[in-house]
Every structure is written in C-alpha cells, then in structure tokens.
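*Asks:* dropping a prediction and its sequence here:
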Amino acid sequence: QNLCQSNWIRDKGFGMGQYVPRLVSPLTGRVTGDVEARAGSAFIFETTPGNMVRWRRWWRFANVEQALTFVLVTIVTICLTSMLAHSTLVGRPGLPQTVAFLLSEGRRFQEIVGPWFGLLFWGIGSFSLFASSMGIADYTSRLAADILKSTYLRSSTVSESRLYFWLVWVLVGLGSVILLIGIDQPLVLLVISASVGGTMMCLYSMLLLVLNRRGLPEAIRVRSYRLVALIWSTAFFGVLASLTIWQQLQRLFG
C-alpha cells in the first residue's frame, strides 16, 4: 500500500508527480493531467543545495503524515476495538473462536446500549471491510498495471489505465471463484493471506535495500535505524517464510 502511494501522488501532481505524465481514468476516460503515463517515464532531481532543502522539507512532511495517518490511527483503532471486545465478551461461555464473535459482540451492545447500537457496530464493521477490499483491489491492480506496462508491454497499444481496469475485474473474478468453490472460512483465508504477505514482505524489503543502495543518489538513501529496520525486516520475514514453506512441504510429503 505504501508503494502505491507514489502512484496516487503521480496522478494528483504532488511533489515529483508534477514532472511525470498522468493516467487516464478507466471509468470517465478523462486524464488527470496533460497526457497519459508512458512506460518507463521517470524524473530524478539533481542533489543541488536548493533541491535538497525542498527534499528535506517534503521528507519531514511525509514522515509526519505517515506517523499520524498510519501509525497513530492504527494503534488507536486496534486498542479501542480490543478494549471493546474485552469489556463485552471476556468470560462469556460458548464464545466462538471465529469472526462470528462479532455477532455476539453486536448483540451484547444491543443489550447494553440499545438495538440501534448493535446495528451501527455491524454496519461500521461491514463498511470497513468493504473499504479495505476496495483499497486492496485498487492498489494491487495499480502496481501490477504499472509493472506490466513499464516492463513487459512497452510496445503494446494497450494503455496502463486499461490494464488497471481489467486487472481489477480479474481480482473480483478470482475472489468470486474462491467463494463459489467453498473456501469461505475467513480464518483459513486470513492464514493464507498472512503467509503470502509475509513472504512478499521479505522480497519487498530486500528490493528496497537494493534500490536504496544502487538506484538512489547518495544524498537521499536511507540510513541509520531505517537501514537497520530494512535489514531486520528482510531477515525476520525471510525466516518466517522459510518456516512456513518447510511446514507445508512436511505436510504434503511427510
């Protein structure tokens, strides 16, 4: 999701995005800038004193924005939802060990506050899950379309926005197929998603290390604790991914 922020920034013309061509909307057919994005288009600024002043100002803003909208909001919401679940459900007999506990929690809210509060709780939860799914489909398709167009389909007449459009519907189709064949247990899907996500985080961190060491100017490379965090992330998720793969191989051939 963090990777895809650069794609949104490009479309809005923020920061360095003002130097990069925009995407055409797959729904309205209108471009958000002057021209449609071209494969492999990029712009790298020179590390002059003036440019570095603007870079540091943007970097401070990016850090504050990430700390507030991602770190702080995530911690607060996790703490609040955990407190609500603990105060309403802990100690109750027969509590399901699945996401069905949300049904019990909503009913408990109806008993404590009123029928409307339980409906509000379920409504907010459903909307949050829907928004998350929409966001995942959006940024996954954006990244895939960008990679396909800039790497493998440079000479193709198919636009990046058209690739994005079809990739979204491919994801929707795959999700429908998974549900139709009977894999509808949220915890099973969650375990699969977490396993794949951990493996991707290992590769993602490794690629970020390579990019920062080889692809960026010396003045804007990550250093100190950020570099240590990337190395730790690569090792941590690499070990988890290896253990998961080994366990699955043992189950298949053991």
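*Replies:* The structure has been received and is ready for your questions.

*Asks:* quick one: low-confidence residue ranges for this structure.
*Replies:* Across the chain, the ranges flagged by pLDDT under 70 are 1-7, 10, 15-16, 19-43, 184-187, 254.

*Asks:* please enumerate the helices of it.
*Replies:* Secondary structure of the chain (DSSP state H): helices located at 2-12, 49-66, 73-89, 101-112, 115-147, 160-180, 186-210, 224-253.

*Asks:* minimum distance to Leu153: which of those has it?
*Replies:* Each of the helices of the chain has some distance to Leu153 by C-beta to C-beta; the shortest is helix 160-180, at 7.4 Å. Where C-beta positions appear, they are placed from N, C-alpha and C, glycine not excepted.

*Asks:* return the list of helices and strands in contact with the closest one.
*Replies:* helix 115-147 (3 or more C-beta pairs under 8 Å, 6 or more residues apart in numbering; DSSP states H and E).

*Asks:* which strands or helices does the helix it packs on pack on?
*Replies:* Counting by 3+ C-beta pairs under 8 Å, 6+ apart, the packing neighbours recorded for helix 115-147 are helix 2-12, helix 101-112, helix 160-180.

*Asks:* what angle do the last one and helix 115-147 make?
*Replies:* Relative orientation of helix 160-180 with respect to helix 115-147: 130 degrees, computed using axes from the mean of the first three to the mean of the last three C-alpha atoms, to 10 degrees.

*Asks:* CA atoms only for helix 160-180, dumped as CSV, please.
*Replies:* Output in CSV follows, covering the C-alpha atoms of helix 160-180 (Å, rounded to 0.1, in the frame of the first residue of the first chain):
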residue,chain,number,x,y,z
GLU,A,160,-1.9,1.4,-18.4
SER,A,161,-5.3,2.5,-17.4
ARG,A,162,-6.9,-0.2,-19.5
LEU,A,163,-4.6,-2.8,-17.9
TYR,A,164,-5.7,-1.5,-14.5
PHE,A,165,-9.4,-1.8,-15.4
TRP,A,166,-9.1,-5.5,-16.4
LEU,A,167,-6.8,-6.4,-13.5
VAL,A,168,-9.5,-5.1,-11.1
TRP,A,169,-12.1,-7.4,-12.7
VAL,A,170,-9.7,-10.3,-12.7
LEU,A,171,-9.3,-9.9,-8.9
VAL,A,172,-13.1,-9.7,-8.5
GLY,A,173,-13.5,-12.8,-10.6
LEU,A,174,-10.8,-14.8,-8.7
GLY,A,175,-12.4,-13.8,-5.4
SER,A,176,-15.8,-15.0,-6.6
VAL,A,177,-14.4,-18.3,-7.8
ILE,A,178,-12.7,-18.9,-4.4
LEU,A,179,-16.0,-18.3,-2.6
LEU,A,180,-18.0,-20.4,-5.1
